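>>> here are the coordinates; sequence isn't available:
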Ligand SMILES: Nc1nc2c(c(=O)[nH]1)N[C@@H](CN(C=O)c1ccc(C(=O)N[C@@H](CCC(=O)O)C(=O)O)cc1)CN2
């Protein structure tokens, strides 16, 4: 059994991105800029935003984190997004989710310019993914595909993939990416009948349910690749995934841990998307 460490794979990819940025610097070019908006004081979001800023710094990318108070109104947030849309120095914009409950996430995401939407959540980018065109793809699904590729899973012809979870951030885009690589994909969710029987057919199992250790060994087909997208904080403050890692690890061909699995890949793919946004931006205005 192989453990796929996102913490290690992301370091390798960040090294490649850093080299590209060093080349820009050497050529005296403008450097890519990522702007992250954080509203409120959710501790997990604060920590994710900090790791995004650190990741930018580590590869020489500029990060502009904009912290707005919990009391921010919808209009104030929309105004900030609009200001960043119009700022020619900003290549990528990300609004950290979830937003406080008084704010409407959908209209905020819709307000981000699609060519700066490095989270890939704008309907233009979602539509591009659906129709097989080039656009921005959400970072977690991109990271999962890199993890699969790292264990030789690129052409998925003849393989059954089961994705548990149907969110816009993970389940829906990931199902499309797996299908694009020729997997036969089933999307499962909380209302799926006999989830266990379905998972037992999966050559590739993706768990994005948000329920700690829900996927036990009896859900797993011998030799499956298991990707755990869940990040659940337990009462003892430790993190655990949606998959019972210890119980499954000997049955799976490859498995991702939590922490140090998919999470670091999400941040790494954000850097990759921002560099892509920068290159497009420079092609048009540079
Ligand atoms: N606008 C967005 N909001 C959110 C996204 C997103 O992709 N776009 N994803 C998640 C949170 N997230 C990034 O924003 C994220 C989650 C986890 C990690 C990570 O590296 N986790 C570590 C553990 C960290 C810890 O100790 O708490 C790991 O798994 O090893 C990075 C980013 C929701 N919001």
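Right, received. Where do you want to start? A quick note: this is a predicted structure, and the numbers were derived from the prediction, not measured.
>>> Just want the residue of this protein that's nearest the ligand.
Nearest residue of the chain to the ligand, counting by CB to the nearest ligand atom: residue 263, 2.4 Å away. (Glycine included, C-beta is placed from N, CA and C.)
>>> ok, and the closest non-adjacent residue to that residue?
residue 231 (6.0 Å; CB to CB, 6 or more residues apart in numbering).
>>> what's the one you found in contact with, if anything?
Neighbour list for residue 231: 239, 241, 258, 259, 263 [criterion: CB atoms under 8 Å, 6 or more residues apart in numbering].
>>> doesn't residue 238 make contact with the fourth one?
If I follow you right, that is residue 259. No. Using CB atoms under 8 Å, residue 259 is not in contact with residue 238; the gap is 9.1 Å.
>>> So those two - more neighbours on which side?
Neighbour count, other CB atoms under 10 Å: between residue 259 and residue 238, residue 259 has more, with 14 against 10.
>>> Residues of the stretch 51-200 of the chain that sit close to the ligand?
By the rule CB under 6 Å from any ligand atom, the part of the stretch 51-200 of the chain lying against the ligand is 51, 94, 95, 96, 97, 119, 139, 140, 169.
>>> secondary structure class for the second one?
Assigned with DSSP: H, G, I helix; E, B strand; the rest coil, residue 94 falls in the strand class.
>>> can you pull the contacts of it?
34, 35, 36, 37, 52, 118, 119, 270.
>>> would you say the second one is within a helix?
No. Secondary structure of residue 35 (three-state DSSP): strand, not part of a helix.
>>> how about it, what does it touch?
Residue 35 is in contact with 63, 64, 65, 66, 84, 87, 90, 92, 93, 94, counting by CB under 8 Å, 6+ apart.
>>> domains of the chain?
With domains defined by automatic domain parsing, the chain comprises 30-113, 139-263.
>>> Buried deepest among these, which one?
domain 139-263 (a mean of 19; mean count of other CB atoms under 10 Å).
>>> one step back: in TSV, list the contacts of residue 94 along with distance to residue 27 and pLDDT.
Output for these, formatted as TSV (distance: CB to CB, whole Å; pLDDT from 0 to 100):
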residue	distance to residue 27	pLDDT
34	20	98
35	23	98
36	26	98
37	30	98
52	26	98
118	23	98
119	28	98
270	24	98
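>>> Make TSV out of those and add distance to residue 203.
As requested, the contacts of residue 94 are exported to TSV (distance: CB to CB, whole Å):
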residue	distance to residue 203
34	36
35	40
36	36
37	39
52	33
118	31
119	29
270	28
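>>> before we move on, the earlier item: can you report phi and psi for the residue nearest to residue 263?
phi -130, psi 100 (degrees, to the nearest 10).
>>> and it, what pLDDT?
Residue 231 carries a pLDDT value of 95.
>>> now the helix or strand hosting residue 275, how far from the centre of its chain.
With elements taken from DSSP states H and E, the one containing residue 275 is helix 262-285. Its chain's C-alpha centre and that of helix 262-285 lie 12 Å apart, by CA atoms, centre = their mean, to the nearest Å.
>>> How about stretch 196-207?
A distance of 21 Å separates the centroid of the chain from that of stretch 196-207, by CA atoms, centre = their mean.
>>> in the stretch 51-200 of the chain, which spans are helices?
74-86, 105-111, 123-130, 139-150, 171-180, 195-199 (DSSP state H, counting those that start in this stretch).
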